[in-house]
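# Kindly generate the corresponding structure for this input.
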Amino acid sequence: MPAEGRCPRHYSKKLDRILGFDIPKLEQKLLQRYRAYYKKTDISNNKKHFENTQAWIGLHPQVLQTPYSEIYHFLSLLQKFKPHKIVDFGAGYGRVGIVMNALYPHASFIGYEIVDIRIKEARRMFKLFGLDNCEIIKQNILDESFVIPSASIYCIYDFSFPEDLEIILKKLSALISTERFFIVAKGDSVQTIIKSKFPEFYANKRFVHGKQWSIFSSFKNNN
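Got it, this is the predicted structure:
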């Protein structure tokens, strides 16, 4: 993997092609059906926004997804802790699961996604490469009934409004008494919320910062 910051989106685009992803075409299909997330509702246009939650339709595919090099970087930093499971909130096309297998082949991956086209493509790729330890589930993670499974690492992004991010963070906070885990937080909103409202996740002052993400933990001692 290239060093972080070395044209990561360009590298990721090339790697998508090598692996066999067809993401630009699929995202264009979504745009043909739904209104881009940044466009206001217009009664003269019969296309509607994706319902129920923010799906970021219309975002450039390489902005929508975390670059492979970033995923490799933060997962490699946690490799010594021998993670057994990774949960990805808003998994897109399942890149985290693919990279995980290069570092933790005996771990498992669960990705939650709401857009059917992305789910189908991720499942196709997992099957193509025989990644039986990876699954992607259609789930609105903001549903009150959603139960977060036990995991070693949780990946969370600025997938929606701040109040929606807090819903997931509160559920993670409730796990602290029984679980030891890391949170990989990408995006200004989720990092700001953690630092301002969830001090329990940065009691360990040795959490790690990248350009676009930070790693927090549920415990004070990482040894």
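# Now do stretch 154-174: distance to the chain's middle.
From the chain centre to the centre of stretch 154-174 is a distance of 11 Å (CA atoms, centre = their mean, to the nearest Å).
# got the CA positions of that stretch in PDB?
Extracted C-alpha coordinates of stretch 154-174, given in PDB (Å, rounded to 0.1, in the frame of the first residue of the first chain):
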ATOM      1  CA  TYR A 154     -16.100   0.200  14.800                       C
ATOM      2  CA  CYS A 155     -15.700   2.500  11.800                       C
ATOM      3  CA  ILE A 156     -17.900   5.500  11.700                       C
ATOM      4  CA  TYR A 157     -18.000   8.500   9.300                       C
ATOM      5  CA  ASP A 158     -20.000  11.700   8.800                       C
ATOM      6  CA  PHE A 159     -22.800   9.600   7.300                       C
ATOM      7  CA  SER A 160     -25.600  12.000   8.400                       C
ATOM      8  CA  PHE A 161     -26.600  14.900  10.600                       C
ATOM      9  CA  PRO A 162     -24.800  15.400  14.000                       C
ATOM     10  CA  GLU A 163     -27.800  14.200  15.900                       C
ATOM     11  CA  ASP A 164     -27.800  11.000  13.900                       C
ATOM     12  CA  LEU A 165     -24.100  10.400  14.600                       C
ATOM     13  CA  GLU A 166     -24.900  10.900  18.300                       C
ATOM     14  CA  ILE A 167     -27.400   8.000  18.200                       C
ATOM     15  CA  ILE A 168     -24.700   5.600  17.200                       C
ATOM     16  CA  LEU A 169     -22.100   7.000  19.600                       C
ATOM     17  CA  LYS A 170     -24.600   6.800  22.500                       C
ATOM     18  CA  LYS A 171     -25.100   3.100  21.700                       C
ATOM     19  CA  LEU A 172     -21.400   2.500  21.600                       C
ATOM     20  CA  SER A 173     -20.900   4.400  24.900                       C
ATOM     21  CA  ALA A 174     -23.400   2.000  26.500                       C
END
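# residues making contact with that stretch?
Stretch 154-174 is touched from outside by 53-54, 56, 66, 86-90, 96, 141-142, 146, 148, 181-190, 193-194, 197-198, 200-201, 218, with contacts defined as CB atoms under 8 Å, 6 or more residues apart in numbering. In short, each C-beta sits where N, CA and C put it, glycine included.
# Which ones among those map onto helices?
Using DSSP state H, the members of the contacts of stretch 154-174 that fall within helices are 96, 188-190, 193-194, 197.
# Compare those residues and tell me which is most surrounded.
The most crowded member of the ones in helices among the contacts of stretch 154-174, judged by other CB atoms under 10 Å, is residue 190 (26 neighbours).
# do you know how far it is from residue 8?
From residue 190 across to residue 8, the span is 20 Å (CB to CB, to the nearest Å).
# related to what we said a few turns ago, now the ones in helices among the contacts of stretch 154-174 as CSV including distance to residue 34 and pLDDT?
Shown next, in CSV, are these (distance: CB to CB, whole Å; pLDDT from 0 to 100):
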residue, distance to residue 34, pLDDT
96, 24, 97
188, 25, 90
189, 23, 92
190, 24, 94
193, 27, 94
194, 31, 93
197, 32, 94
